[in-house]
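Chemist: make a model of this:
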Amino acid sequence: MHVVGRETEGADGNGAASEQPRMAGRLGRYLARDGSLGAPVGIDIDRPHAGIVVGKRGAGKSHTLGVLAEATARASGVAPVVVDPMGAFAGLAAESGAETAAVPARVIEAPTIRADALPAAEWPALVGLDPASGPGGLIWEAAAAASTLAGMLAQTQDADCSGEVRRIASNHLRRAREWDVFDPGGLDADELLGPAATVLSLAGVDDAPTSAVVTAVARLLYDARTGDAPPARLPWLFVDEAHVAVDGVAGAALRTLLTRGRAPGVSLVLATQRPSALPAVAASQADLLIAHRLTSEADIDALAAASPTYLSGTLAGRLPNGRGEALLVDDATESTHTVRIRERHTPHGGDTPRASEVAAGASAGGRRENDRYERSKGEV
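Modeler: Numbering: from 1, shown residues only. Sure thing, here's the model as predicted:
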């Protein structure tokens, strides 16, 4: 099996023979031009990576992210964390069938974070204020002085400034309190770096609080691995709909993982249908690119601008058209591959509903109700 993201099969980073088997996850199979499938393709899990998964809606982007999450969840020494803003990954924690091994995973519904998990300087922008304004500056000071949202509110209400500045700052913090994502007992690194994959379910959560959670999680994972007693597991952070996070306050924390995460062993995989919305550093720092079908000229141009010189032909000409097909750009071996991503072993929650399926379900439900009624006629 060819393993993307790995420089030399069976060797360590210095070219010497590896004493331990190197971990890899099954990704799919090579796809020939005539549509036939070839040899299996895997992805390296042994070392940290920075990756991007792109594709228009319905092309298989979230499915591929789920395949990567399954592979890392089954690997020892790895702690996957999936940010799930669309409710597509709860199936990771479902019981598998007899043909596949169960994935060790858990889902945290409506995860919360500590208010001081965000840098004080990020708080004005988070609540929609200019940090150079009076209310924005007051919130910055309050976040630097208090560790909880309640403490920040108390700081703003007692501040020695005009009543108007206090009122605006307090109102914006009260609005943040209504997001229900801040709690003194919020997520910590130990929860995220356990033996099971963690899915942070943020379906229905607005963009700003979602970005706040991503910021806190990215910082927790990075700080844990750069601390005095780094955890035994290497974290992999998967962020679906990543353009939402990078547009908000999470941009700085994600850039840190992209540019400095590999040294302490923190992997980051960003998935988006809008690669043009990602910062340029994302494409330039990624050593793995998985590109599904794209049709937006702006998105194709954004990827093409950062394409490596070893990518033969134009990017637009190399992108696949079929659902589940992807172009792999592997910086470790400076090679490209066209593959078909394998099926998920756990249920995928990102499929688009169809009216015909809903109607069929309703008809079946009606027939079941009628059958129950007929059977109940003779019952007392």
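Chemist: and whatever helix or strand Gly28 lives in, what does it pack against?
Modeler: Here Gly28 sits within strand 24-31, counting by DSSP states H and E. Judged by 3 or more Cβ pairs under 8 Å, 6 or more residues apart in numbering; DSSP states H and E, the packing partners of strand 24-31 are strand 2-4, strand 37-44, helix 61-73, strand 335-341. Using the backbone N, CA and C atoms, a C-beta is placed for each residue, glycine as well.
Chemist: what's the closest of these to Arg293?
Modeler: helix 61-73 (9.4 Å; Cβ to Cβ).
Chemist: which secondary structure elements does the closest one sit against?
Modeler: Partner elements for helix 61-73 (3+ Cβ pairs under 8 Å, 6+ apart): strand 24-31, strand 50-54, strand 78-84, strand 197-201, strand 234-239, strand 267-272, strand 335-341.
Chemist: need these in a markdown table with distance to Ile113, can you?
Modeler: Shown next, in a markdown table, are the helices and strands packed on helix 61-73 (distance: least, Cβ to Cβ, whole Å):
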| stretch | distance to Ile113 |
| --- | --- |
| strand 24-31 | 29 |
| strand 50-54 | 23 |
| strand 78-84 | 12 |
| strand 197-201 | 10 |
| strand 234-239 | 14 |
| strand 267-272 | 18 |
| strand 335-341 | 32 |
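Chemist: closest one to Pro111 among the ones you listed?
Modeler: So among the helices and strands packed on helix 61-73, strand 197-201 is nearest, using Cβ to Cβ, at 4.6 Å.
Chemist: what packs against that closest one?
Modeler: Using 3+ Cβ pairs under 8 Å, 6+ apart, strand 197-201 sits against helix 61-73, strand 78-84, strand 105-109.
Chemist: again, 10 Å this time
Modeler: Judged by 3 or more Cβ pairs under 10 Å, 6 or more residues apart in numbering; DSSP states H and E, the packing partners of strand 197-201 are helix 61-73, strand 78-84, strand 105-109, helix 189-192, helix 207-226, strand 234-239.
Chemist: got TSV for the ones you listed, with mean neighbour count too?
Modeler: What follows is these, written out as TSV (neighbours: other Cβ atoms under 10 Å):
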stretch	mean neighbour count
helix 61-73	25
strand 78-84	26
strand 105-109	16
helix 189-192	16
helix 207-226	23
strand 234-239	26
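Chemist: sec struct for Thr256, please.
Modeler: Put simply, Thr256 is helix when judged by DSSP: H, G, I helix; E, B strand; the rest coil.
Chemist: now do it, the pLDDT please.
Modeler: Thr256 is assigned a predicted lDDT (pLDDT) of 95.
Chemist: was I right to think it contacts Arg262?
Modeler: No: here Thr256 does not reach Arg262: they are 11.4 Å apart, not a contact under Cβ atoms under 10 Å.
Chemist: check contacts around Leu193.
Modeler: 78-79, 81, 220-221, 224-225, 230-235 (Cβ atoms under 10 Å, 6 or more residues apart in numbering).
Chemist: closest to Glu334 among those residues?
Modeler: Using Cβ to Cβ, the contacts of Leu193 come closest to Glu334 at Leu234, 24.2 Å.
Chemist: nearest residue to the closest one other than its sequence neighbours?
Modeler: In this structure, Leu234 finds its nearest non-sequential neighbour in Gly265, 4.3 Å apart by Cβ to Cβ, 6 or more residues apart in numbering.
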